[in-house]
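Trainee: 3D, please:
(2 chains)
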Amino acid sequence: MSLDTTRSQVLYRMACALAVVTCAFSLLMGILLVSNVMAVRMASPLNLPELDHLRETIKADPANVAVREKIRDLDQVVRHLYFAGLTSRRAGAYLLLGGIVLSLASLKAVALLRRRRFDPREYPAPPDPLRTEFAARWALAGSGVVILSVAVYFSWVGRDLRARPEPGGSVQVPVQIPVVVWPAFRGASGNGVAASSNFPTAWDAASGSGIVWKVEVPLPGMSSPVVWGNKVFLTGASEEKREVYCYDLASGTRLWSLDVTGKSGQVKKAPEVFKDTGYAASTPVTDGRLVCAIFANGDVVAVDHCSKILWTADLGLPSNRYGHSASLAWYQDKVLILYDQEKGKGSPSRVMALDALTGGTTWSTPRQVSDSWPSPVVVETGRGPQLITVANDWIMAYDPATGQELWKVKCTGSDVAPSPILAGGLVLVSITGDRVYAIRPDGKGDVTATHVAWTSDDGVADVSSPVSNGELVFFVNSNGLMTCLEVKTGRKVWEQNLDGEFYGSPGLAGDKLYVVARNGTVFILKAGREYAEIGQAALGEPSDGSPVFAGDRILVRGLKTLFCIGGKRP
Amino acid sequence: MRRMVWLFLLILLPVLTARSENRFPQPQFESGYTMPGATAPAPRAASYEMLDVVILTAALSLGTWLILRKRSRRGVFLLTLFSLLYFGFWRKGCVCSIGSIQNVAAWLSGSGAALPLGVAVFFILPLIFALLFGRIFCAAVCPLGAIQEMMILFPIRIPRPVSRALGLIPVVYLGLAILLAATGSAFIICRYDPFVPVFRLSGEPVMLLAGVVLLLAGIVVARPFCRFLCPYGVLLNWMSRLSKWHATITPDECVGCRLCERACPFDAIRLPMTSTPAESRETGVRRIKRLLLLMLLLGVVGVWVGARADGMLAPLNARVRLDQVLRSHDPVLEKLYATELDAFRGGTITPESLTVEADAVRRKFRVGGAWLGGILGVLFGASLLGASIRRSREDYEPDRGECLSCARCYQSCPREHERLKQ
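Mentor: The predicted structure follows:
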């Protein structure tokens, strides 16, 4: 087709006219649509001044039915208008699309009708290939330089981003953010020592002075809280029920509570336990991803930090005269469990590792010991990590990766309960009814005759575990006799009777000892070569808890209440 | 200054990605009416995914037949229209071969990302067709190409040097898209697809505007996205260069009439080159040697620069960004990222593990950036080299890499008209 015929000219004019009309229509629809989009995006339908005014009026006069009806009517109108706007936008989009399709068709017709056949004789001569290549190279080089410059510039301005930024300083180097972590019984090392020393020395639960928060724990338990970041985990259990709790460290708000009763899939009768042990004596363990808890009936449960059960395990009903009380330990994605049983009853004693992610048994090592109550502790020695366990007859160390027995020391305890610690390169254990043992952890096999550095008849505690600053070690027995020994030699440094009974293990923060008496009095003592009392503070209710040092706060579990003491923020 | 730059970047990111959600409280009914709960659309049935694969295969096969055997421009146009309606407006531009690059990159990176069978087919099939028959996918199957195809009204010619220079952009875009996908940071091809908002008649105003601008530009500059932006086009270009049975302008012999010279709106027809160049062979060889050395040098420079680009690129990753914000303690940033921070603090990941993850991502960016920089440097050098190597041609021929196989040139060829008459 060409323009040299009248018919073509008429068609061409019609196509032009249609193109103008459809383009104008599309433009108009486009403008309307954009204004509609802007209006709907900027609209805040329920924040009309008139509506606000009516809301104020109804607040002042709640019984005014007329105003209430007016608010409802207005609310309905603005909602209707808003959704009508959305509907009209959709319709407008379709109209615009239709307009564009018609515009394109008419413009295409215009283009076709005005097209004329080219005469090759009118074509310019092909460009010189050399000149074209030359220009292409320079154009490429130019764009390459632009791209390279942008990349170099970004590399230069981004070099500070490569080091993680810290506030304020112009020199930004990677630093560690201090995070509150107390992941297991008596902390990450199981020795009850705090990472810092800025903890309060005075508070009064009765008046609330120095108490950041306190919350009643639904179910009882002797277990201590564990902390990761801003979350505090705790267990509680009765004969019928077992629960895991998560609290906000900042406010004490209970973030969740999880009933794990029967989650292991086994319905078991409740074991007989001593009332001072209870059904939730074992402290749980956490690694920042999950929290794992064990209860008196042998149920183990792993829960993520959002209360989702990841796995459960049933270790079988334990045969334990006072009730199972050994807390859990953690080593490289393994939950370590000491599960000693009364000899001749039930399954044999064993120590085992469960895969933290699946709950499957990684290793299990039988033990020729009777039921025990101390918690196992993973310590880092010069010969690598060791899992230290204590029973009436033996102090035994295992490889926490494989469960292989490393060394053992014969002892003659009865109803032994204190957990071991590592201090000054020695494993220190108070064996109830026997002595205090200090063992060099670099032996193999039975090292009773070769690796016991010293023993002491002083300081033998029956329930609570010792605490040490590396130079001195402190013990307190249930009658309140507090003893300080020299770590290196075992020589007694001082001895003092405290007024009270003590089941909870003492904690050490800097040079201050925190010792919780069963009546709820917390003794704050100087951890030095001479006995010195810094002060006493009251929880206001009985407690067998051990202090947990979290940030600049102390958490202590009372008989019914979880206390958070001191500090303004976690 | 530099601190300001990264602050600006971190502030800019949420603004760019923010979605204006028009939400306000639900009405409070006193009539006992219960508001229905939120519902989520059910995932698309797997059978539909297979249907897409079948239609893609059929469209590519039909396109090949129309272009190579039937040599029908009208048929190609109708297939293009179908692809626009089905893959564009009906399937809303998803799944698409262009975006599938990122799925493949994420899958290959070993991050655990899955690669659905349908997506894999959408990635590989057009490349296989390009390797055998040229860019059939671009000609009539790609919805992004199809919508631009409809806009070509008054095409003008882009000078060859300019189009060569602009041709670097999609290569860089492809590299960045692969790097960001492989590091689990972003699918930028999908996020910044200018035509998907048009297909969906909804989307980010900025991207909608970009789409409209590209379409309007397409009235005079034919298929600007395909030629100067499309990352998948880079791969198709490379494959098509090796194609065994590529479209030819003339069905049999070229008579050198020059009628096809202006037929191609994409400037993909190469003129015959038989004359001896006006420079000595030694000069040309010397230049090529210099350019070969430059190519190696550019590769080294690219590695050096790329390995340092993590500072700017890594914050595109959500974990790195959150790590930056957490560590900045900047109240402005904390306000901007309040939702992300709340979600993080309410979750189970600790700041340390976040930092560990963020550092791992930074490491990936350093390694990946070095690779990307090196490859881009070498490719840039190769482009310079390509602009210096002359290939003799007897006839008018389509550039196998850049030809979109649209079949327009058939209509201008007198031999083609002769064939049709017969």
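
Trainee: going forward, measure contacts between C-alpha atoms and count neighbours the same way
Mentor: Noted.

Trainee: any weak-confidence spans in the chain?
Mentor: Defaulting to chain A. A:1-4, A:43-46, A:116-118, A:157-179, A:265-268, A:346, A:567-570 (pLDDT under 70).

Trainee: Correction: the question concerned chain B.
Mentor: In chain B, residues with pLDDT under 70: B:1-31, B:275-278, B:348.

Trainee: what's the domain layout of it?
Mentor: B:52-250+B:400-421, B:281-397 (automatic domain parsing).

Trainee: quick one: is the last one near chain A?
Mentor: Yes - applying C-alpha under 8 Å from any C-alpha of the partner chain, one finds that domain B:281-397 is in contact with chain A at B:305-306, B:308-312, B:324, B:327-330, B:347-352, B:362, B:380, B:383-384, B:387-388.

Trainee: Which ones among the residues you listed map onto helices?
Mentor: Using DSSP state H, B:305-306, B:310-312, B:324, B:327-328, B:351-352, B:362, B:380, B:383-384 are the members of the residues of domain B:281-397 next to chain A that sit in helices.

Trainee: ok, of these, which come out buried?
Mentor: With burial judged by 16 or more other C-alpha atoms under 10 Å in any protein chain shown, the buried subset of these is B:305-306, B:310-312, B:324, B:327-328, B:351, B:362, B:380, B:383-384.

Trainee: which helices and strands does the helix or strand containing B:Val54 pack with?
Mentor: Take DSSP states H and E as the rule and B:Val54 turns out to sit in helix B:46-64. Secondary-structure packing of helix B:46-64 (3 or more C-alpha pairs under 8 Å, 6 or more residues apart in numbering or on different chains; DSSP states H and E): helix B:73-83, helix B:117-133, helix B:136.

Trainee: and the ones you listed as TSV, adding distance to chain A and mean neighbour count?
Mentor: Putting those into TSV (distance: least, C-alpha to the nearest C-alpha, whole Å; neighbours: other C-alpha atoms under 10 Å in any protein chain shown) gives the following:
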stretch	distance to chain A	mean neighbour count
helix B:73-83	12	20
helix B:117-133	26	21
helix B:136	24	34
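
Trainee: which bits of the stretch 251-400 of chain A sit near chain B?
Mentor: Checking the stretch 251-400 of chain A against chain B by C-alpha under 8 Å from any C-alpha, the hits are A:288-289, A:304-306.

Trainee: for the helix or strand harbouring A:Ala17, which positions count as buried?
Mentor: Assigned by DSSP H and E, A:Ala17 belongs to helix A:6-42. Neighbour-count burial for helix A:6-42, counted by 16+ other C-alpha under 10 Å, picks out A:9, A:11-12, A:15-16, A:18-19, A:21-23, A:25-26, A:29-30, A:32-33, A:36-37, A:40.

Trainee: near chain B, which of these show up?
Mentor: Within those, those near chain B by C-alpha under 8 Å from any C-alpha are A:Val40.

Trainee: one step back: just checking, what packs against the helix holding A:Ala17?
Mentor: Using 3+ C-alpha pairs under 8 Å, 6+ apart, helix A:6-42 sits against helix A:65-113.

Trainee: quick one, strands of chain B?
Mentor: For chain B, the strands defined by DSSP state E cover B:269-270, B:397-398.

Trainee: Apart from its chain neighbours, what residue comes closest to the most centrally placed residue in chain A?
Mentor: Centroid-nearest residue in chain A: A:Gly288, 4.2 Å away (criterion: C-alpha atoms, centre = their mean). Leaving aside its sequence neighbours, A:Gly288 sits nearest to A:Trp228 (C-alpha to C-alpha, 6 or more residues apart in numbering or on different chains; 5.9 Å).

Trainee: Contacts made by stretch B:243-251 with the rest, please.
Mentor: Taking contacts as C-alpha atoms under 8 Å, 6 or more residues apart in numbering or on different chains, the residues outside stretch B:243-251 that touch it are B:67-68, B:130-134, B:240, B:260, B:396-398, B:400, B:405, B:409-410, B:413, B:415-416, B:419.

Trainee: could you redo the last one with a cut-off of 7 Å?
Mentor: Applying C-alpha atoms under 7 Å, 6 or more residues apart in numbering or on different chains, the contact partners of stretch B:243-251 are B:67-68, B:130-134, B:397-398, B:405, B:409-410, B:413, B:415-416.

Trainee: who wins for most neighbours among those residues?
Mentor: Ranked by neighbour count (other C-alpha atoms under 10 Å in any protein chain shown), the contacts of stretch B:243-251 have B:Gly134 at the top, with 34 neighbours.

Trainee: quick one: contacts for that residue?
Mentor: Contacts of B:Gly134 by C-alpha under 7 Å, 6+ apart are B:240, B:243, B:246, B:400.

Trainee: rerun at 6 Å
Mentor: B:240, B:243, B:246 (C-alpha atoms under 6 Å, 6 or more residues apart in numbering or on different chains).

Trainee: do the same with A:Glu530
Mentor: Contacts of A:Glu530 (C-alpha under 6 Å, 6+ apart): none.

Trainee: can we see that at 10 Å?
Mentor: Contacts were defined as C-alpha atoms under 10 Å, 6 or more residues apart in numbering or on different chains; by that measure A:Glu530 touches A:484, A:493-495.

Trainee: now do A:Thr412
Mentor: A:Thr412 sits in contact with A:391-394, A:431-435, where contact means C-alpha under 10 Å, 6+ apart.

Trainee: give me that answer again for 8 Å
Mentor: Applying C-alpha under 8 Å, 6+ apart, the residues near A:Thr412 are A:392-394, A:431, A:433-434.

Trainee: Next, format the residues you listed as JSON lines and append neighbour count.
Mentor: Shown next, in JSON lines, are these (neighbours: other C-alpha atoms under 10 Å in any protein chain shown):
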{"residue": "A:Asn392", "neighbour count": "23"}
{"residue": "A:Asp393", "neighbour count": "19"}
{"residue": "A:Trp394", "neighbour count": "21"}
{"residue": "A:Ile431", "neighbour count": "31"}
{"residue": "A:Gly433", "neighbour count": "17"}
{"residue": "A:Asp434", "neighbour count": "19"}
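
Trainee: In a markdown table: those residues, plus distance to A:Pro120 and secondary structure.
Mentor: Below are these laid out as a markdown table (distance: C-alpha to C-alpha, whole Å; DSSP: H, G, I helix; E, B strand; the rest coil):
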| residue | distance to A:Pro120 | secondary structure |
| --- | --- | --- |
| A:Asn392 | 108 | coil |
| A:Asp393 | 108 | coil |
| A:Trp394 | 105 | strand |
| A:Ile431 | 108 | coil |
| A:Gly433 | 114 | coil |
| A:Asp434 | 114 | coil |
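
Trainee: Which two of the residues you listed have the greatest separation?
Mentor: Farthest-apart pair in the contacts of A:Thr412 is A:Trp394 and A:Gly433; separation 13.3 Å (C-alpha to C-alpha).

Trainee: Can you flag which of the contacts of B:Gly134 belong to helices?
Mentor: Counting by DSSP H, these place B:Ser240 in helices.

Trainee: Neighbour-wise, give me the winner out of the contacts of B:Gly134.
Mentor: B:Ser240 (29 neighbours).

Trainee: still on that earlier bit, between the domains of chain B, which one is closest to B:Ala45.
Mentor: That would be domain B:52-250+B:400-421 among these, by C-alpha to C-alpha, at 11.3 Å.

Trainee: chain center to that closest one, what's the gap?
Mentor: Put simply, domain B:52-250+B:400-421 sits 8 Å off its chain's centre (C-alpha atoms, centre = their mean, to the nearest Å).

Trainee: same question, stretch A:192-212
Mentor: Averaging C-alpha positions (C-alpha atoms, centre = their mean) puts stretch A:192-212 23 Å from its chain's average.

Trainee: first to last residue in that stretch, what's the distance?
Mentor: Using C-alpha to C-alpha, to the nearest Å, the end-to-end distance of stretch A:192-212 comes to 22 Å.

Trainee: All the strands of the stretch 251-400 of chain A, in order from the start?
Mentor: For the stretch 251-400 of chain A, the strands defined by DSSP state E, counting those that start in this stretch occupy A:254-259, A:285-286, A:290-294, A:299-304, A:309-314, A:329-331, A:334-339, A:350-355, A:361-366, A:377-381, A:384-390, A:394-398.

Trainee: near chain A, which residues of the stretch 101-250 of chain B?
Mentor: So the stretch 101-250 of chain B meets chain A at B:150-151, B:153-154, B:160-162, B:164-166, B:168, B:201 (C-alpha under 8 Å from any C-alpha).
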